[in-house]
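Chemist: predicted model, plus sequence, below.
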Amino acid sequence: PRRKVSWCFWMGLLFAGCESAPDVPQPVDLRPDAAPTASAAERERVQQFWRVYRRATALRVAGDVEQAKVFLDSALTINPDHLDALYYGGNAAYELGQFKDAEQRWRREVEVNEHSARAHAQIGMLYSSGQHGAPIDLELARQQLEAAHRLNRAETGLLIRLGVVAL
């Protein structure tokens with residue numbers, strides 16, 4: 001194995017500049033003046049997203065869940081795949097009793113990032129919450145909580161919730 005790694009390393013160096021070796025990554029110039037420039041419209045879009053998202057975060061932290069959700073919705077119109085906006089938007093919808101909306105946001109987060117333990121956990125919590133109007137499906141809750149636990153074994157709260165679901 002040691003010889004193979006060494007051979008692969010040297011072959012990679014040998015073919016690094018050749019066009020016939022497309023799998024060999026080309027060096028990237030990281031100097032600020034060499035960075036590709038985004039269009040003015042793209043820069044404005046990114047800046048607008050962060051202004052709206054920071055406002056949503058401030059409102060959420062201050063406890064104004066309803067207004068935070070409004071701003072998170074605005075942020076998602078700018079960047080519909082932003083994981084934190086999807087997650088916190090789902091949490092806000094849940095707190096407001098908008099359970100279908102909450103689930104859709106967390107499921108979208110899982111579509112964008114199948115390794116999102118937090119989205120799986122929230123879906124599991126939703127289906128086992130017992131909240132008035134919330135869906136109840138303990139088997140689905142168990143599956144989602146187990147998926148979250150497989151992705152994040154350090155989170156012990158998931159095991160406790162799995163125990164509650166089992167009871």
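Modeler: Nice, I can see it. Since the structure is predicted, the reported quantities are computational estimates derived from the model, not experimental observations. Residues are numbered from 1 along each chain as shown.

Chemist: just the helices in the chain please.
Modeler: Ranges of helices within the chain are 2-15, 40-61, 65-78, 83-95, 99-112, 117-128, 138-151, 157-166, based on DSSP state H.

Chemist: neighbouring contacts of the longest one?
Modeler: For helix 40-61, the external contacting residues (Cβ atoms under 8 Å, 6 or more residues apart in numbering) are 38, 65, 67-69, 71-72, 74-75, 78-79, 82, 84-85, 88, 92. Quick note: C-beta positions are derived from backbone N, CA and C, even for glycine.

Chemist: report the two of those residues separated the most.
Modeler: Put simply, by Cβ to Cβ the two of the contacts of helix 40-61 set farthest apart are 38 and 65, 33.3 Å from each other.

Chemist: buried ones among the contacts of helix 40-61?
Modeler: For the contacts of helix 40-61, a burial check counting by 16 or more other Cβ atoms under 10 Å picks out 65, 67-69, 71-72, 74-75, 78-79, 82, 85, 88, 92.

Chemist: columns distance to residue 42 and pLDDT on top of the residues you listed, output as a markdown table?
Modeler: Output for the buried ones among the contacts of helix 40-61, formatted as a markdown table (distance: Cβ to Cβ, whole Å; pLDDT from 0 to 100):
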| residue | distance to residue 42 | pLDDT |
| --- | --- | --- |
| 65 | 31 | 98 |
| 67 | 28 | 98 |
| 68 | 26 | 98 |
| 69 | 26 | 98 |
| 71 | 21 | 98 |
| 72 | 22 | 98 |
| 74 | 18 | 97 |
| 75 | 16 | 97 |
| 78 | 11 | 97 |
| 79 | 12 | 97 |
| 82 | 15 | 97 |
| 85 | 18 | 98 |
| 88 | 24 | 98 |
| 92 | 28 | 98 |
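
Chemist: what is the nearest of these to residue 113?
Modeler: Out of these, the member with the shortest distance to residue 113 (by Cβ to Cβ) is residue 82, at 10.8 Å.

Chemist: contacts only, for that closest one.
Modeler: Residue 82 is in contact with 49, 53, 75-76, counting by Cβ under 8 Å, 6+ apart.
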